[in-house]
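S.K.: show me the folded form of this:
(chains A and B)
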Amino acid sequence: MDIAESLGRLALFADLSPSQIEAIAHSHEEDVFAEGERVLRRGLSGGDFFVILDGEAAVRVGDEELARLSRGDFFGEIAALTSDPPSADVVATSVLRCLVIPAAQLERLLLERPQVMLRLLKMEARRVQGAVEWRT
Amino acid sequence: MADVTEPFPPGTYDVVVVGSGPGGLQMSYWLRRLGVSHAVLSRDDAPGGMFQRFPIFQRLITWTKPDAPVERTTREYEWYDHNSLLAEEPELKALVPSLMDRAYDLPSRAEMETAIVAFAEQAKLEVRYGCTWESTTHDEEGITLVTDAGEYRSRAVVFALGVTEPWRAPVPGLEHAAHYVDTSSPERYAGRSVFIVGKRNSGFEVAQGILPWARSMILGSPRPVQTDALALSALRIRYLHPYDEYARGGPGTYVLDVTISRIDRNPDGFHVVTQGTTWDGRLEFDVDDVIAATGFQTPLGDLPKLGLVTVNDGRVPALTPFWESVTLPGIYFAGNASQGAKGLGKRGAGASSTSVNGFRYNARVLAEHLAEKLNGHRRPRKSVGDVVPFLLHELTSAPELWIQKGYLCRVVTREDGDFVDDEVVPLAHFLDSSGPDAVAASVEVDDAGQIIPTIYVRRGGDIAEHRLEPHPLHEYGGEPYRRELASLLAAPGS
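M.R.: Residues are numbered from 1 along each chain as shown, chains lettered A, B, ... in the order given. Okay, here's the model as predicted:
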């Protein structure tokens, strides 16, 4: 399956036309990480925005696992949008295939494709809601 | 039957290297220096790899400046010579500039091929030529390569096969088009209308090559031309001319952001149906010729069937920071395919593993990694003396750090109140492995394209990143830098 086909199946890009999805697939690269490899590094600058195409990853701070991520999930958006270093590690827990959107290009993509921005915002809102419910 | 004088008979070696282009030769050079038993196999009959045929239009895009502010035999000169292979012997260093006619600061294909042949001969690198790798078995004990000369068994294989097999994007009808590799006679496009599928290196190279001949030309692919990225790349020197014609509105040359729905062949030529990606709408073209300039792939043989995972639509292997397959332990890649390890991808311009200037360093680091892993060999570690000027000098002039920006770093480790040299390693390896207190220096680029000298300090297992101030001359040896680095390295509370 090529990248465009993989992206077309993910909720984040569900409102885009096939040629818009193809433009995103061709404008960005995919990367594949070995099991155990660190993808996002807590406290170090330069995290990109990652969309999982295949495989699983864990969000960790030290030895504590905060969340599990799988196909269709994304990570790195907060660091990419705020330019702050990531606040957690993301580690591949299987062979992990991601679309990588460099931090500097995420903002432009979201402005050009507001449908993606809205989807991202809703998914973000659900994460915040989940975190609040968990704490209370 | 094999000639008995041929080197590397079938059998067992610590490492087998496949390929006799710059990646394979550079790998073999460093393995031999480190005393790692290895065989080098190549299906070609002479050294040179892709430079025996490519680039089609005969001029490289990577520079070599025959005269520079430093002597050709110095390490610092490597920064000015992006094409010569590396060696420790002065007579093997910087072979490319001595062969250039200086028509350009970019060598010709023939000059590059001659330099690679000269390196193989003068370094007395042995290769078993005319030996074709046919299939592979992989188990916990190691790897067996079946070749037409017999079986080679080893604990690690380094494939240096280039990224040279023509690849066509999965566009219906593109199989009827000529590929970039078939375009070496530009005069056959005289007076014709041409649609080029692809707007990266080979697309613009072929467009530039046939611009003096073709009547009209359309370049089409989904991704916009990234002029801001190209402005910082070596490609701008030659390949942006067709784009320039389009940007100025010259009728007859068009550079379009489109997906190509299909290509129909008809008695008059081709009918191309396209759909805009950065704009809404559909355009159809009738042209005399279509050229697929959709790039190349690594010839991976049966490795994908064994579970090798790839990136970029199956075109290059997905690799760890030490260029090992993420799924097949013991299978490594050198040369152009080492681009399958993307590094941290931090900001701006990154590593140059797609060309000799970057992958020659990857080969040295990989050879040291294999020597240590397979033979327990480690270079003798020496004190760096005064650590502050040592690291600042590396940041200012180490070609490994300047060419493999954000990918390779120089590491010094604290030992008994002193700092010892731990050489050059992938930055991701330093950041993700635990170890004693140590410091890594790397050269990075920010979003605005500014070059940032960066220091990572590992203390008690935690790593802190420090970005030093940029300098207009990229000279980081001055007093403010000394003070800042000294305070970063001082023990906490001291």
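
S.K.: in chain B, which strand is the longest?
M.R.: strand B:253-266 (DSSP state E).

S.K.: chain center to that one: distance?
M.R.: Distance, stretch centre to chain centre, for strand B:253-266: 30 Å (CA atoms, centre = their mean, to the nearest Å).

S.K.: could you point out which element follows that strand?
M.R.: Later in the chain than strand B:253-266, the nearest helix or strand by DSSP states H and E is strand B:269-276.

S.K.: show me what that following strand is packed against.
M.R.: strand B:193-197, strand B:216-221, strand B:253-266, strand B:282-287, strand B:289-292 (3 or more CB pairs under 8 Å, 6 or more residues apart in numbering or on different chains; DSSP states H and E). C-betas here are computed from N, CA, C, even on glycine.

S.K.: can you name the residues that contact residue 105?
M.R.: Just going to use chain A. For A:Gln105, the contact set (CB atoms under 8 Å, 6 or more residues apart in numbering or on different chains) comprises A:27-28.

S.K.: if you could check chain B rather than the one you did, that'd help
M.R.: B:63-65 are the contacts of B:Asp105 under CB under 8 Å, 6+ apart.

S.K.: now do it against A:Arg71, distance only.
M.R.: Using CB to CB, to the nearest Å, we find B:Asp105 at a distance of 47 Å from A:Arg71.

S.K.: A helix includes A:Ile78, no?
M.R.: Yes - checked against DSSP: H, G, I helix; E, B strand; the rest coil, A:Ile78 lies within a helix.

S.K.: thought it was touching A:Ser87?
M.R.: Yes - shown here, A:Ile78 and A:Ser87 form a contact pair, counting by CB atoms under 8 Å, at 7.4 Å.

S.K.: which one is residue 87 nearest to, not counting chain neighbours?
M.R.: No chain in the question, so chain A it is. In space, and not counting its chain neighbours, A:Ser87 is closest to A:Arg42: 6.4 Å by CB to CB, 6 or more residues apart in numbering or on different chains.

S.K.: you looked at the wrong chain, it should be chain B
M.R.: With CB to CB, 6+ apart as the criterion, B:Ala87 has its nearest non-adjacent residue at 5.5 Å, and that residue is B:Lys93.

S.K.: right, and the one you found touches B:Arg75 too?
M.R.: No - assessed by CB under 8 Å, B:Lys93 is found out of contact with B:Arg75, at 9.1 Å.

S.K.: ok, back up a step: out of the contacts of B:Asp105, which are buried?
M.R.: B:63-64 (16 or more other CB atoms under 10 Å in any protein chain shown).

S.K.: which of the contacts of B:Asp105 fall in strands?
M.R.: Going by DSSP E, the strands hold none of the contacts of B:Asp105.

S.K.: need the contacts of B:Asp105 in CSV (columns: distance to A:Thr93).
M.R.: Formatted as CSV, these follow (distance: CB to CB, whole Å):
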residue, distance to A:Thr93
B:Trp63, 43
B:Thr64, 45
B:Lys65, 47
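
S.K.: show me what counts as buried in stretch A:13-25.
M.R.: By 16+ other CB under 10 Å, the buried positions in stretch A:13-25 come out as A:13, A:16, A:19-25.

S.K.: and stretch B:34-45, by the same measure?
M.R.: B:34, B:36, B:38-44.

S.K.: could you measure from B:Glu175 over to chain A?
M.R.: 16 Å (CB to the nearest CB, to the nearest Å).

S.K.: before we move on, back to that, of the helices and strands packed on strand B:269-276, which is nearest A:Ala125?
M.R.: Between A:Ala125 and those, the shortest separation by CB to CB is 32.6 Å, and it involves strand B:253-266.

S.K.: between strand B:216-221 and that closest one, find me the angle.
M.R.: 90 degrees (axes from the mean of the first three to the mean of the last three CA atoms, to 10 degrees).

S.K.: so what are the sheet partners of strand B:253-266 and their directions?
M.R.: Under the criterion DSSP bridges, strand B:253-266 sits next to strand B:216-221 (parallel), strand B:269-276 (antiparallel) in its sheet.

S.K.: and chain B, which residues reach chain A?
M.R.: Within chain B, the positions near chain A by CB under 8 Å from any CB of the partner chain are B:170, B:221-224, B:257-259, B:275-278, B:309-313, B:318, B:320, B:326-327, B:342, B:344-347, B:406, B:428, B:431-432, B:444, B:447, B:456, B:463-465, B:467.

S.K.: what's the longest helix in chain A?
M.R.: Longest helix in chain A by number of residues (criterion: DSSP state H): helix A:114-135.

S.K.: that one near chain B at all?
M.R.: No - figure legend: helix A:114-135 not in contact with chain B (CB under 8 Å from any CB); closest approach 14.3 Å.

S.K.: so how far is stretch B:86-93 off the chain centroid?
M.R.: With CA atoms, centre = their mean, you get 21 Å for stretch B:86-93.

S.K.: quick one, which of B:Lys93 and B:Arg75 is more surrounded?
M.R.: B:Lys93 (21 against 14; other CB atoms under 10 Å in any protein chain shown).
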